[in-house]
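Chemist: One predicted model, sequence on top.
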Amino acid sequence: MKKFLKGVAVAASMVAAPFAAQADGHADLSYVLVSHAPDSDTWWNTIKNGIALAGEQVGVNVEYRNPPTGDIADMARIIEQAAASGPDGIITTLADFDVLAGPIKNAVDQGIDVIIMNTGTPDQAREVGALMYVGQPEYDAGFAAGLRAKGEGVTKFLCVNHAIQQPTVGERCRGYADGLGIDLGDAMMDSGTDPSEIKNKVLAYLSANADVDGILTLGPVSADPTIAALQENGMAGDIHFGTFDLGEEIVKGIKDGTINWGIDQQPFLQAYMPVVILANWDRYGVLPGNNINSGPGFVTKDGLAKVEEFAGEYR
Amino acid sequence: MSDATETDERIKEISRLRQALIRPELGGIVGTVAVFTLFALFAWDSGMFQSQGVLNWTIVSAQFMIIAVGACLLMIAGEFDLSVGSMIGFAGMMIAVFGVVLALPMWLAILITFAICLALGALNGWIVIRTGLPSFIVTLAFLFILRGFTIYIPQTIERKTIIGGIRDAAEGDWLAPIFGGKIGQPIFQWLGDAGVIAVFERGSRTGEPVVDGIPMLIVWAIILVIFGHVLLTRTRFGNWIFAAGGDPEAARNSGVPVNRVKVLMFMFTAFCATVFAVCQVMEFGSAGADRGLLKEFEAIIAVVIGGALLTGGYGSVLGAALGALIFGVVQQGLFFAGVESSLFRVFLGIILLAAVILNTYIRRLITGER
Amino acid sequence: MSDPIIRMTNIEKHFGSVIALAGVSVDVFAGECHCLLGDNGAGKSTFIKTMSGVHKPTAGEIYFEGKPMHFEDPRDAIAAGIATVHQHLAMIPLMSVSRNFFMGNEPIKKVAGIPFFDREKADATTMEEMRKMGINLRGPDQAVGTLSGGERQTVAIARAVHFGAKVLILDEPTSALGVRQTSNVLATVDKVRKQGIGVVFITHNVRHALAVGDRFTVLNRGKTLGTAMRGEITPEELQDMMAGGQELATLEGSLGGTV
């Protein structure tokens, strides 16, 4: 028994170490950011760094929490937990409105300020009683991209959609068409996710529709094979090419001129802005009057230096 | 014979202490006390031990308990079910498909789902029995098969992987509240009015207590734990569960219907997973293809923390329930204590290891295993 | 002596082309200990499995208490009163003595119409029966794993006797035991025999057989080499039968065993 008690003592001291570490760094305000991403999703590292930087600069405590497996039902428990621990504010994604609306509403009714970031829409944010929405509304981002492409001379386009089952992603194509001021028609292609399939579909479409002068891809999954297709048929650098999100191949494509620009939803801002806004709201009672669109941020050849420098950290 | 008598007398002196202490649940009890002491020290003023916080970790623990009871009895009967997590996702999706897409009455959707999942549990068991393959492999196959269907079915009929609207479809149903409802609202309202628990400060629910009842999820957990414990320790069938897991050949020689016991335990595990799933979709109103990921391991971890032997024949439902409590309290408590969330797995690993070492020691004392 | 409880005549058992038993005749009387001797592979295991209903004989007759019997499965045999204590598979070490004792035959107590396992009765009976066999348990919830090998055999034997065995088949109960434990088990066999139960004691150890046996049958290559009464045969003769028989049967077996 004695041996066992000793074991417990050792275990306790081990367990206690991180708790103790947490105890210093006390600030007057504390916020919690809850994401829907599993531990394995590295994209969210930018978010973690964003809140850490904002917390440091503004002088508040911000914690990052997520369901380890990405289970949205577990995320609901984490929001409930966050509310129970009585923070000054909660920043959360709205990955599944049905599941998360209840816990978020309860937190709001309990007197906790909530800001929705990344996933969700401004309408949904209003419905759950959040202060605001910080993110990239898909349709608006597509619309802005369309306007820009119109100025750059695009008249007929192809939208390569690798995630046809996700309606929000398709909104990007719709917005792009409206921004160009043309009908979407059959310009949206259900490409699937297989790289060689995407490549061949793009090649076939372009040879069948010679008058297409613009391409929009919705992420690295569709952009990378499209780059390969354009390099194969010699249209690289000739056809106007815009894409959503950034990635290694996309950055290379922007560098060598294959891609005109990439649309960055700037996750850093999705993390940084809510913390700053909540702190100022709690301290001085000031709040921006609008939702904040963290994107689209257009990344062209000129802006690549910073992207490369801070890739994976703040970009 | 003189040897036996001597041993007897020698042991009797400490038998009272031994009997009080040396039980399969001892590891779980020690762990529970340790975990609560720790969090009381480090997270006392974090809201963890106020009504809302208590409800939070109780619900999470109750979730673990529901699947741990099934996993525990199955493990004692000598088998594993790795398809529990996939079964949770699948069952939730079946409710959505029958109740929302096909617009059947919710009670019928729930009953059909239970029937399908129990049949799948029986199929799991039947394959294990007939082929003699390790249940580890058979249920691993079902882990993939069920998860695959959970993604494929809604994608094919609805072109999406999350189906919502279950709460609306369950409105006014007589069976749905048994899984998604709450009990004891008047008591909590009274407690809120009396100022014992906090109340909402604004919004449509101003004045209502932040905890307005005990979710049926918790009631189910308690019922299943009691049922499992009584079944295992107080019935003839419970003895058969031990026997089937301890040594199926010896059990068969003694007239225990080992195959029937095992198939029934697979079905019970499926039942527990379905209860979990129905409670979840009724509370949250949507079924997603990613629900229940890795829950099979969480169930097994809770059971092992609770002192059950991975190879079967030994264990305790109460222990598994305590294991689930430890798991839930640690998972949520780390958030309350403000520990970096990526350290959760580290803690989990340490607890698992410590529990297994302690439990092995206790088990050797009890069973004379070497 | 009256009629034998069980009489098996000219039992043959074929597994495909392999003849495991080629006409074995054995009878067991109440209150006697009938030793079945034979080296490994002599057909002892096949024979007792036939006796306990696991195998159905290919040819031959089984008379139980004078009437011809056909066992469909081991449960028929158990119901009739033929209990088998297996070499290694008798007990589950992780379970308590009382749970082991009543495994498959749990006493039931109804509370509000629900049948519960009557643990008080099980515990009390177990303690009582074990005391009769000369084993003082620490408690009924003591795990079988904490018992010695001889004690485990004794629990298994006591269990069989308690549940009304008329014929008790002991499959090499002493093969893995030390000297003291062996003598305990042999003493138990003696107690059981005196209660009027017919014991079939399977062993390849002549000294153990002679210590408790009333009659001795030697099996070799699936055949009986004859049955002898106690006192009619010396250890040396038995040993010779087992060994010499083998030499003889090796020839026959290699010629006739692959029909």
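Modeler: Now that the structure is in, tell me what you want to look at. Everything quoted here is computed from the prediction, not taken from an experiment.

Chemist: need the helices for chain C, in chain order.
Modeler: C:44-51, C:74-80, C:97-101, C:119-132, C:149-162, C:179-194, C:206-212, C:235-256 (DSSP state H).

Chemist: any chance of the ones you listed in TSV, plus mean pLDDT and mean neighbour count?
Modeler: Placement of C-beta: from N, CA and C, glycine included. As requested, the helices of chain C are exported to TSV (pLDDT from 0 to 100; neighbours: other Cβ atoms under 10 Å in any protein chain shown):
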stretch	mean pLDDT	mean neighbour count
helix C:44-51	84	23
helix C:74-80	79	18
helix C:97-101	90	27
helix C:119-132	89	17
helix C:149-162	85	24
helix C:179-194	86	18
helix C:206-212	86	19
helix C:235-256	61	14
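
Chemist: Columns distance to residue B:175 on top of the ones you listed, output as JSON lines?
Modeler: Output for the helices of chain C, formatted as JSON lines (distance: least, Cβ to Cβ, whole Å):
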{"stretch": "helix C:44-51", "distance to residue B:175": "52"}
{"stretch": "helix C:74-80", "distance to residue B:175": "41"}
{"stretch": "helix C:97-101", "distance to residue B:175": "38"}
{"stretch": "helix C:119-132", "distance to residue B:175": "36"}
{"stretch": "helix C:149-162", "distance to residue B:175": "47"}
{"stretch": "helix C:179-194", "distance to residue B:175": "58"}
{"stretch": "helix C:206-212", "distance to residue B:175": "66"}
{"stretch": "helix C:235-256", "distance to residue B:175": "69"}
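
Chemist: can you pull the contacts of the closest residue to residue B:131 other than its chain neighbours?
Modeler: Leaving aside its sequence neighbours, residue B:131 sits nearest to residue B:138 (Cβ to Cβ, 6 or more residues apart in numbering or on different chains; 7.3 Å). By Cβ atoms under 8 Å, 6 or more residues apart in numbering or on different chains, the contact set of residue B:138 is B:124, B:127-128, B:131.

Chemist: and what of residue C:11?
Modeler: Counting by Cβ under 8 Å, 6+ apart, residue C:11 has contacts C:21, C:23-25, C:47, C:50, C:57, C:59-60, C:62.

Chemist: Would you mind pulling up the elements that the strand or helix carrying residue A:282 packs against?
Modeler: Using DSSP states H and E, residue A:282 sits in helix A:267-284. Here helix A:267-284 touches strand A:30-34, helix A:45-58, strand A:89-92, strand A:113-117, strand A:132-135, strand A:292-293, going by 3 or more Cβ pairs under 8 Å, 6 or more residues apart in numbering or on different chains; DSSP states H and E.

Chemist: same thing but at 7 Å, please
Modeler: strand A:30-34, helix A:45-58, strand A:113-117, strand A:132-135 (3 or more Cβ pairs under 7 Å, 6 or more residues apart in numbering or on different chains; DSSP states H and E).

Chemist: what's the average pLDDT for the shortest one?
Modeler: Read that as strand A:132-135. In this model, strand A:132-135 has an average pLDDT of 94.

Chemist: any idea which helix or strand comes after it?
Modeler: Next along from strand A:132-135, by DSSP H and E: helix A:138-151.

Chemist: just checking, what packs against that next one?
Modeler: Looks like helix A:138-151 contacts helix A:167-180, strand A:240-244 (3+ Cβ pairs under 7 Å, 6+ apart).

Chemist: how about the helix or strand that the longest one is followed by: buried residues?
Modeler: It refers to helix A:167-180. Downstream of helix A:167-180, the first helix or strand assigned by DSSP H and E is strand A:188-190. Under the neighbour-count criterion of 16 or more other Cβ atoms under 10 Å in any protein chain shown, strand A:188-190 has A:188-189 buried.

Chemist: Equivalent analysis for stretch B:190-204, please.
Modeler: B:191-192, B:197-200.

Chemist: From those residues, pick the one nearest chain C.
Modeler: Of all those, residue B:191 has the smallest distance to chain C: 34.0 Å, by Cβ to the nearest Cβ.

Chemist: Who's the closest spatial neighbour of residue B:344, skipping the chain neighbours?
Modeler: residue B:334 (5.6 Å).

Chemist: Next, count neighbours for that neighbour.
Modeler: Per other Cβ atoms under 10 Å in any protein chain shown, the neighbour tally for residue B:334 reads 25.

Chemist: I'd guess it is in a strand, am I close?
Modeler: No. Residue B:334 is assigned helix when assessed by DSSP: H, G, I helix; E, B strand; the rest coil, not a strand.

Chemist: Quick one: residues contacting the spatially most central residue of chain C.
Modeler: With distances taken as Cα atoms, centre = their mean, the residue of chain C nearest its centroid is residue C:169 (1.5 Å). Going by Cβ atoms under 7 Å, 6 or more residues apart in numbering or on different chains, residue C:169 touches C:48, C:51-52, C:82-85, C:200.

Chemist: Swap in 8 Å and give it another go.
Modeler: Contacts here follow Cβ under 8 Å, 6+ apart; on that basis residue C:169 touches C:48, C:51-52, C:82-85, C:200, C:202.

Chemist: for residue B:309, phi and psi?
Modeler: phi -90, psi 130 (degrees, to the nearest 10).

Chemist: so it makes contact with residue C:145?
Modeler: No. Checked against Cβ atoms under 8 Å, the pair residue B:309 and residue C:145 is beyond contact range at 11.8 Å.

Chemist: Which residues are in contact with each of the two?
Modeler: By Cβ under 8 Å, 6+ apart, the residues touching both residue B:309 and residue C:145 are residue C:94.

Chemist: give the contact list for residue 99.
Modeler: Just going to use chain A. By Cβ under 8 Å, 6+ apart, the contact list for residue A:99 reads A:72-73, A:75-76, B:284-286, B:288.

Chemist: you looked at the wrong chain, it should be chain C
Modeler: Per Cβ under 8 Å, 6+ apart, neighbours of residue C:99: B:239, B:242-243, C:122.

Chemist: ok, so what distance separates whatever residue of the stretch 251-370 of chain B ends up closest to chain A from residue A:83?
Modeler: When scored by Cβ to the nearest Cβ, the stretch 251-370 of chain B has residue B:286 as its residue closest to chain A, at 3.6 Å. Noted for residue B:286: a distance of 20 Å to residue A:83, by Cβ to Cβ, to the nearest Å.

Chemist: Same question for residue A:243.
Modeler: From residue A:243 to residue A:83 the distance is 38 Å (Cβ to Cβ).

Chemist: repeat for residue A:216
Modeler: Separation of residue A:216 from residue A:83 (Cβ to Cβ): 40 Å.

Chemist: Tell me which of these two has more neighbours.
Modeler: Neighbour tally, residue A:216 and residue A:83, criterion other Cβ under 10 Å: the higher count belongs to residue A:216, 30 against 26.

Chemist: and the more buried one, what are its bridge partners?
Modeler: Beta-bridge partners recorded for residue A:216 (DSSP bridges): residue A:159, residue A:242.

Chemist: Surely it and residue A:174 touch.
Modeler: No. Contact criterion Cβ under 8 Å: residue A:216 and residue A:174 do not qualify, at 11.1 Å.
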